[in-house]
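Enquirer: No sequence on hand, only this structure:
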C-alpha cells in the first residue's frame, strides 16, 4: 500500500503545488523518492521528531497548504497525540496523518509497534475523519480525496506492502463516507475494512461449500460512519459478521453493535476483533491474528456455529 | 538618560522620533497593564504574572514589527489576556469582546483560540507554537512569524524538536522571543532545570542567531530584533520579571494564576500610575 500511497501522492503533487509531505525519519519507498527529488522544498524530513512533524503540518495548513504527515502508524498518531488533537483537530485543519503499517502489520516488531487501538483513539477526537482503505485500489481513491477534497483532519490507516486488490469487482465506486458493497450474497453479511478484507473472502469461499451466500462490504470510512447504508444492511441481513485488525474496543465492532442497538436491529452480530490485550508475541501477521482468534479456521468455525445458533 | 545613551551608541539618527516611540510604548504598556487589572476584577483567576512579564514584548511586536503579511503566535497561551488587550488597542476586537473575557457566552477565554479575530493559532498547552510556526514559515517565506515562548515552556521536549529542525531548515523568517521570567507556576525554573541556563547557548548550538535584552525595555527589544542579521532563525532571550512592575506580584509564584482583590487592585493601579 505504501507504494500506491507514494505514487498517488506524487501524481497529485505534480498538479497541485500546495501539497507538502512531512516525514519523520521513515525509509521512503517507490515514488516518494521521486517526490523528494523533484520537489525538495515540499518534502521535509524532520528526523525522529513526530511532535514537530504534526505541528509543522498544522502550520502549513494554516497558511493554505495541503500537508501529509507520514510515518509508521504508532509514531504518527500515538507519539504526537496532543499535537494531533490540539493543532490539527481542535483547529480543524485538512491535514492527513498517514498511519503506515497499521494494526498487526509489523508483526515481528513487538507490541510497541502494533496499533491495535488507533481507530478507537482517533474516533474519539472531534473533527477527525478516519479512512482505512481495504486494498490499494481504494487507497488510491482515498489519497485523491485527501489531496483535493478533505476539509478536516484525516487519519489514513494503511498497510505496508504486498496487499492484493479485492474491491475491483465492486459495482460501486469508492466514495468518502460511504460503505461500499463489494460482493452481493443473501444469507450473511461481512463488514470489514483494511487489508484484513482478505479473511472475509476466505470465509466467503468456505461458506460457499455449505451453500451459504455471503455479501462483503468495505467500511473504509470509519468516521463519519455511513449510518444510512448500515440501516439498509440491518434490514437486509439477519446475520452480520465484523472482521477487523483492531481492538474490540472502539473499532467497527462497537460502531455496528452500538448502531444495532440504537436501530433496534433484530438480527445478530458476530465480531472478530483483536482482544483487549497487548500483543507481545512474534511471527507473521497471520500468526498474531491467529493468537487473537482471527485465524481463517476460527472465523469459519465460529461463523458456522453463529449461523446454526440462530437458525 | 540610559535610553538616550543606548540610542546614541547605536547611531540612530532620528532620535526625536524614536524617543517619542519609546515614550508612547511606556504609556501604552501602562494602559495595557491597567486594562488587564480591570479585567481581573471580573474573573476568579487569571494568569496575571506571566502576562505582566510579556507586556513590553507583545506591545513591541504588534506596534513596531507586525506587517500585514506577518503573524504573531503566542505559544505561552496562558498570557492570552495581553494579546487580547493589544488586539483591542489595535481595534481588531471590540471593547465588548474584550470585556466578555471568560464570561458565559463570551468571545474570549484564557487561552487563545484559532478562528477568533487576530488569533493565528490555538495555544494553551505549552510547546506547540514553535512547531506550528515552522510550518507557517515554510509555507510563506516572505512573511515573518513572531513567536513568544516562556522559559518554563522550554522544559517541553517538543520545543527542542522544533528548534532543531528550524535551525536545520534555516527558517530565517522566524523570530522567537523567550519571556525569560525564570518562574514556572510553582517555583523558579532555574531551580528545576539549572542546566537550561544560559538559554542562548542552546539555540546557538542548534543553528540560531541569538541575542539577549531587558524584556521590559521596548527600546532594547526593538533594537535587538531590528539588528538581527537574517542569515539564521533568530531568538531573543528577553529577561523579564514575572508580575512586573507591581511590588507584591513580582517574582511571587502565587500570582501565576491569582486575581487581585479590591485592595490589591487599587494598590497595583497606584504603582503602575507612579511608574
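Expert: Cool, the structure landed. Small disclaimer: the values here were computed from a predicted structure and weren't measured.
Enquirer: Name the residues of chain A found near chain B, please.
Expert: For chain A, the contact set with chain B under Cβ under 8 Å from any Cβ of the partner chain comprises A:20, A:22, A:44, A:46-47, A:49, A:51-52, A:54-65, A:67, A:82-83, A:86-87, A:90-91. Backbone N, C-alpha and C define where each C-beta goes, glycine included.
Enquirer: What residues does residue B:122 make contact with?
Expert: A:86-87, A:90-91, B:77, B:111-114 (Cβ atoms under 8 Å, 6 or more residues apart in numbering or on different chains).
Enquirer: Most neighbours among those, which one is it?
Expert: residue A:87 (32 neighbours; other Cβ atoms under 10 Å in any protein chain shown).
Enquirer: ok, which stretches of chain B are helices?
Expert: Secondary structure of chain B (DSSP state H): helices at B:2-9, B:15-40, B:48-60, B:80-89, B:95-99, B:129-139, B:157-169, B:189-192, B:199-205, B:218-226, B:262-273.
Enquirer: Redo these as CSV? Include mean pLDDT and distance to residue B:176.
Expert: Converted to CSV, these look like this (pLDDT from 0 to 100; distance: least, Cβ to Cβ, whole Å):
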stretch, mean pLDDT, distance to residue B:176
helix B:2-9, 41, 23
helix B:15-40, 79, 21
helix B:48-60, 97, 11
helix B:80-89, 96, 16
helix B:95-99, 97, 27
helix B:129-139, 98, 7
helix B:157-169, 98, 8
helix B:189-192, 94, 17
helix B:199-205, 98, 8
helix B:218-226, 97, 10
helix B:262-273, 96, 28
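Enquirer: one step back: can you tell me which of the contacts of residue B:122 is closest to residue A:99?
Expert: Comparing the contacts of residue B:122 against residue A:99 with Cβ to Cβ places residue A:87 closest, at 16.8 Å.
Enquirer: Tell me if the closest one really is in a helix.
Expert: Yes - looking at residue A:87 with DSSP: H, G, I helix; E, B strand; the rest coil, it is inside a helix.
Enquirer: For chain B, which residues are neighbours of chain A?
Expert: Chain B comes close to chain A at residues B:114-115, B:120-122, B:124-125, B:127-128, B:130-140, B:157-158, B:161-162, B:164-165, B:168-169, as judged by Cβ under 8 Å from any Cβ.
Enquirer: number of nearby residues for residue A:57?
Expert: Residues contacting residue A:57 under the criterion other Cβ under 10 Å number 35.
Enquirer: what do you get for residue A:309?
Expert: 10.
Enquirer: ditto for residue B:188
Expert: So residue B:188, with other Cβ under 10 Å, has 15 neighbours.
Enquirer: Per-residue confidence, the residue nearest to it when sequence neighbours are not counted, what does it come out as?
Expert: Excluding the flanking residues, the one nearest residue B:188 by Cβ to Cβ, 6 or more residues apart in numbering or on different chains is residue B:182, at 5.7 Å. If you check residue B:182, the pLDDT there is 95.
Enquirer: tell me the contacts of residue B:182?
Expert: Contacts for residue B:182 (Cβ under 8 Å, 6+ apart) come out as B:151, B:188-190, B:242.
Enquirer: Tell me who's in contact with residue B:128.
Expert: Contacts for residue B:128 (Cβ under 8 Å, 6+ apart) come out as A:55, A:82-83, A:86-87, B:75, B:121, B:158.
Enquirer: Let me have these in JSON lines, adding distance to residue B:216 as columns.
Expert: As requested, the contacts of residue B:128 are arranged in JSON lines below (distance: Cβ to Cβ, whole Å):
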{"residue": "A:55", "distance to residue B:216": "30"}
{"residue": "A:82", "distance to residue B:216": "32"}
{"residue": "A:83", "distance to residue B:216": "32"}
{"residue": "A:86", "distance to residue B:216": "31"}
{"residue": "A:87", "distance to residue B:216": "31"}
{"residue": "B:75", "distance to residue B:216": "20"}
{"residue": "B:121", "distance to residue B:216": "26"}
{"residue": "B:158", "distance to residue B:216": "28"}
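Enquirer: ok so, going back, please pick the buried ones from the residues of chain B next to chain A.
Expert: Among the residues of chain B next to chain A, those buried by neighbour count (16 or more other Cβ atoms under 10 Å in any protein chain shown) are B:114, B:120-122, B:124-125, B:127-128, B:130-140, B:158, B:161-162, B:164-165, B:169.
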